[in-house]
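Trainee: make a model of this:
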Amino acid sequence: MTLLHPAALIERKRDGGTLDAAELQSFLEAFLRGDVADYQMSAMLMAVFFRGLNPSELQAMTRCIIDSGERLDFSEGSAPAVDKHSTGGVGDKVSLVLAPLLAEFGLRVPMMSGRGLGHTGGTLDKLESIPGFRTDFGLDEFRATVDELGCAMIGQTHQITPLDGRLYGLRDVTGTVESVPLISASIVSKKVAEGISGLVLDVKVGRGAFMPDASSARVLAETMVELAESLGLRASALLTAMDEPLGCMVGNALEVREAVECLRGAGPPDLRDVTLDLCVEAVMVGGTRGDPNAVRSELAALLDGGSALDRFARLIERQGGDPGVTDNLDLLPSAPVTRDFVAPAAGYVTLLDARQIGMGAVQLGAGRMTVDDKIDPAVGFDVRCRVGEAVERGQPLVIVHAKDDDSAAMAVDRVAAAVTLGEAPVEAMPMILGRVRTRSRP
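Mentor: Coordinates of the predicted model:
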């Protein structure tokens, strides 16, 4: 078909009309060719931000993003290929535990991850804090690593969904990132293009999440699950709490330390529980039938037995890193300055604001506000308290890891704004706030 003038399509969407699949495809392909200008695509994205996309439009856009690049295929072989995607949180090092654990269970995990931006951390930044670890594999090496070890963890490549990269670059500078259909198309397109058969989504809810309340998070989860299913990808989602950081460590090398502790069968209970719950969902969407409780017990036994840690060490070595970090955590980068934030009075922790902690980590250098910011892998926080806990005056609540005294002092001030104490105990939010599953699963 002949593409209508771009302005006519933009105006129709702006006014609440719909675009058919052929029109969307032609518009997006013209954008990739350069026949639709960035300012015109920005206008279309803003129209979508306010007017949304119906299921047919959303599927058409997602298919076009998928078709803009290569598409992997992990359908051959007896082991299902699955992946997990998190919408982003503070202290979220789940992927570092989940990938080797699922591979040890017998699944394949071809995981393509992103970098941190804003107050949320990124899996690639955590992995690259391991000396020598490479995340810039080509697709052939990616496939070979999955075949050899059952998992691989790399960054997004321009060979996969290049249209998504172009669109995200515009969304990031035009205030259109937080759009349910645009988020859904971006995430699901990449996961379908990975060639997996099952996807579990970790949709964060709370102060440290992009979705601050459970109702908006559920809308996003339902949209992504339904979109994935419409494109032939089995999926489910967990809504997980992100009012306070996940686990204790926030910062790249610090989070690797905590992930290794979890793979040793220890680590914070909330990190272990959320990881196991997500792994069970991944096993189920991968096609395994059986009792989820029995699957969880088997996964927990793999954690406690150390075999998943051994697989993580082999993955580190395969991707150019020093596997010795799994035995000696002191091989990871460490900050030269530490400073305690102590409880100013006795009481109960009533608030531990994950967003404030995340922004404090960025201020220290553990995160980035723009894609060009450099990361300091050693800095961050060790959070020694949880909401609902009783604390004594002078008790260390957060340990700041900083590059110098000035940044440590600023971080302590930020932590002081994140932690609230009260005279009466409060009940902590449960970690799992809800589930969204495909129509083929109860």
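
Trainee: can you pull out the strands in the chain?
Mentor: With DSSP state E applied, the chain shows strands at 82-86, 109-113, 151-155, 198-205, 234-241, 249-250, 337-342, 347-352, 380-383, 390-391, 396-402, 419-422, 432-437, listed in chain order.

Trainee: include distance to residue 48, mean neighbour count and mean pLDDT when you put these into TSV, please.
Mentor: Quick note: C-beta positions are derived from backbone N, CA and C, even for glycine. Shown next, in TSV, are the strands of the chain (distance: least, Cβ to Cβ, whole Å; neighbours: other Cβ atoms under 10 Å; pLDDT from 0 to 100):
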stretch	distance to residue 48	mean neighbour count	mean pLDDT
strand 82-86	21	27	96
strand 109-113	24	24	93
strand 151-155	27	23	94
strand 198-205	20	27	97
strand 234-241	22	25	97
strand 249-250	33	29	98
strand 337-342	43	16	98
strand 347-352	35	19	97
strand 380-383	36	26	98
strand 390-391	47	16	98
strand 396-402	40	23	98
strand 419-422	38	17	97
strand 432-437	22	17	94
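
Trainee: tabulate the ones you listed (JSON lines), appending distance to residue 306.
Mentor: Written out in JSON lines, the entries for the strands of the chain read as follows (distance: least, Cβ to Cβ, whole Å):
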{"stretch": "strand 82-86", "distance to residue 306": "22"}
{"stretch": "strand 109-113", "distance to residue 306": "19"}
{"stretch": "strand 151-155", "distance to residue 306": "17"}
{"stretch": "strand 198-205", "distance to residue 306": "24"}
{"stretch": "strand 234-241", "distance to residue 306": "26"}
{"stretch": "strand 249-250", "distance to residue 306": "20"}
{"stretch": "strand 337-342", "distance to residue 306": "29"}
{"stretch": "strand 347-352", "distance to residue 306": "31"}
{"stretch": "strand 380-383", "distance to residue 306": "24"}
{"stretch": "strand 390-391", "distance to residue 306": "34"}
{"stretch": "strand 396-402", "distance to residue 306": "27"}
{"stretch": "strand 419-422", "distance to residue 306": "35"}
{"stretch": "strand 432-437", "distance to residue 306": "26"}
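
Trainee: which of those sits closest to residue 317?
Mentor: strand 151-155 (12.6 Å; Cβ to Cβ).

Trainee: who's in contact with the lowest-mean-pLDDT helix or strand in the chain?
Mentor: In the chain, the helix or strand scored least confidently by mean pLDDT, DSSP states H and E is helix 162-174, which has a mean of 88. Identification of contacts with helix 162-174 by Cβ atoms under 8 Å, 6 or more residues apart in numbering yields 28, 31-32, 38, 41-42, 45-46, 64-65, 68-69, 117, 156, 158, 176-177, 179, 182, 185-186, 189-190.

Trainee: again, but for stretch 264-276
Mentor: Applying Cβ under 8 Å, 6+ apart, the external contacts of stretch 264-276 come out as 93-94, 97-98, 101, 202, 238, 240, 246-248, 258-259, 261-262, 296, 299-300, 303-306, 309, 431-432.

Trainee: ok so, going back, buried ones among the contacts of helix 162-174?
Mentor: In terms of neighbour count (16 or more other Cβ atoms under 10 Å), the buried residues within the contacts of helix 162-174 are 28, 31, 41-42, 45-46, 64-65, 68-69, 117, 156, 176-177, 179, 182, 185-186, 189-190.

Trainee: so which of those residues sit within helices?
Mentor: When the buried ones among the contacts of helix 162-174 are checked against helices using DSSP state H, the ones located there are 28, 31, 41-42, 45-46, 64-65, 182, 185-186, 189-190.

Trainee: would you format those residues as JSON lines with distance to residue 415 and pLDDT included?
Mentor: Conversion of those to JSON lines gives the following (distance: Cβ to Cβ, whole Å; pLDDT from 0 to 100):
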{"residue": "28", "distance to residue 415": "45", "pLDDT": "95"}
{"residue": "31", "distance to residue 415": "44", "pLDDT": "95"}
{"residue": "41", "distance to residue 415": "41", "pLDDT": "96"}
{"residue": "42", "distance to residue 415": "38", "pLDDT": "96"}
{"residue": "45", "distance to residue 415": "36", "pLDDT": "97"}
{"residue": "46", "distance to residue 415": "37", "pLDDT": "97"}
{"residue": "64", "distance to residue 415": "45", "pLDDT": "96"}
{"residue": "65", "distance to residue 415": "40", "pLDDT": "96"}
{"residue": "182", "distance to residue 415": "34", "pLDDT": "95"}
{"residue": "185", "distance to residue 415": "37", "pLDDT": "96"}
{"residue": "186", "distance to residue 415": "33", "pLDDT": "93"}
{"residue": "189", "distance to residue 415": "38", "pLDDT": "96"}
{"residue": "190", "distance to residue 415": "35", "pLDDT": "94"}
